[in-house]
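J.: quick one: sequence plus predicted model below, questions after.
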Amino acid sequence: AADIEMDAEDTLKARPPVVTIMGHVDHGKTSLLDALRGTDVVRGEAGGITQHIGAYQVTLKDKSKITFLDTPGHEAFTQMRARGADVTDIVVLVVAADDGLMPQTIEAINHTKAAGVPMIVAINKIDKDGANPQKVRERLLEHEVIVEEMSGDVQDVEVSALKKTGLDELIEKIQLQAELLDLKANPDRAAEGTVIEGKLDKGRGPVATILVNRGTLKIGDIFVVGAESGKVRALVDDKGRQIKEAGPAMPVEVLGLSGVPLAGDPLSVVENEARAREVAEYRKGVKTDKRTTSVPA
Ligand code: GDP
């Protein structure tokens, strides 16, 4: 019931957008994610250690922030959606200007449309000799993605992840889209979040990257996540820094879990450990029932 409880309008504050990069293999998703990571003004100060935790956040010159899901490929997006976790606010569709629309580009367009998430098209590899951005725009028309240059309302931008050109423009377009979406969350409540990825770390035990949806997750918080529970022992950001709390749209590694949760699992902070165990047991029960009934006789 807590999941659908609404926060009062006056408790809501602006939050950063959460962006997923999609596109065909080799069109430059990873390169673009790396290039965008480089726009972070805080990273240098932090010592520059890049931790791949499934998502990262950049702080821009004007102090605004953007969160990027660092899990290229459509699997994470579709898996999370299938589990009811719609964490992405904006999709950046990467299309290589020399290769054009390919099967996974079209798949990405379909996923994005089905999710009802606004799209920005990044026409990448613009530095290459064979680059033909106009052809990309024309082919997009066939899939009812009408970019601004073709008098549509889908923003597009020519970039080179390799030469790092067009990045500022891409960021501006993400910010513009985010403004239109008017993204808000209440930071002053018990945290709720979504698992971006979970793993068993040799030294640290079960670790989950959580994207906080609303509220603020703090050290010592007791929580339920999927069929697991725990108490926040440590929070680590995407720069490897130990932090004390994480607010809306902030991705953070959480230590102190009873086991490894699945991508897309919801996390809720609860009042005490008894309640956490109760909810986790209930969820485990539900999961077992489902498994039993779905086994063919
Ligand atoms: P992904 O599979 O979509 O993640 O693609 P990658 O980021 O791994 O890029 C695939 C290849 O394209 C790599 O060899 C990159 O160096 C290259 N690449 C990516 N972006 C650019 C670009 O803007 N220009 C050029 N010339 N090559 C690029």
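T.: Happy to help now that I have it. Numbers count the residues shown, from 1 in each chain.

J.: rest of the way, CA atoms for contacts and neighbours
T.: Fine.

J.: run a quick neighbour tally on the residue in the stretch 151-297 of the chain positioned nearest to the ligand.
T.: Across the stretch 151-297 of the chain, the shortest distance to the ligand (Cα to the nearest ligand atom) belongs to residue 160, at 3.3 Å. Residue 160 is surrounded by 22 other residues when neighbours are defined as other Cα atoms under 10 Å.

J.: surely it meets residue 169?
T.: No - taking contact to mean Cα atoms under 8 Å, the distance of 11.6 Å between residue 160 and residue 169 leaves them out of contact.

J.: least confident secondary structure element in this structure?
T.: Within the chain, judged by mean pLDDT, DSSP states H and E, the helix or strand with the poorest mean is helix 43-46; its value is a mean of 64.

J.: could you point out which element follows that helix?
T.: Remark: after helix 43-46, the chain's next helix or strand is strand 55-59, criterion DSSP states H and E.

J.: mind listing what's buried in the next helix or strand after that following strand?
T.: Going down the chain from strand 55-59, the next helix or strand is strand 65-69, by DSSP H and E. Within strand 65-69, the residues that qualify as buried by neighbour count (16 or more other Cα atoms under 10 Å) are 65-69.

J.: tell me the secondary structure for residue 172?
T.: For residue 172, the secondary-structure state derived from DSSP: H, G, I helix; E, B strand; the rest coil is helix.

J.: number of nearby residues for it?
T.: Burial of residue 172 is recorded as 12 neighbouring residues (other Cα under 10 Å).

J.: please enumerate residues in contact with stretch 131-151?
T.: Contact with stretch 131-151 is made by 95-101, 106, 109, 121, 123, 125-126, 152-156, 158, as judged by Cα atoms under 8 Å, 6 or more residues apart in numbering.

J.: ok, and for that stretch, which residues are buried?
T.: For stretch 131-151, burial by neighbour count (16+ other Cα under 10 Å) applies to 131-133, 136-137, 140, 145-147.

J.: any idea of the mean pLDDT in that stretch?
T.: Per-residue pLDDT values over stretch 131-151 give a mean of 95.

J.: so how far does it reach from one end to the other?
T.: 22 Å (Cα to Cα, to the nearest Å).

J.: and for stretch 63-83?
T.: Per Cα to Cα, stretch 63-83 runs 33 Å from first to last residue.

J.: quick one, strands of the stretch 51-200 of the chain?
T.: Under the criterion DSSP state E, counting those that start in this stretch, the stretch 51-200 of the chain contains strands at 55-59, 65-69, 90-96, 119-124, 155-158, 184-185, 192-201.

J.: are the third one and the ligand in contact anywhere?
T.: No - counting by Cα under 6 Å from any ligand atom, the ligand is not contacted by strand 90-96; separation bottoms out at 7.7 Å.

J.: between that strand and strand 119-124, how big is the angle?
T.: Angle of strand 90-96 versus strand 119-124, following axes from the mean of the first three to the mean of the last three Cα atoms, to 10 degrees, is 30 degrees.

J.: and strand 90-96, how far from the chain's centre?
T.: When C-alpha coordinates are averaged (Cα atoms, centre = their mean, to the nearest Å), strand 90-96 and its chain have centres 14 Å apart.

J.: each with direction, which strands does it pair with?
T.: Paired with strand 90-96 in the same sheet, following DSSP bridges, are strand 18-23 (parallel), strand 119-124 (parallel).
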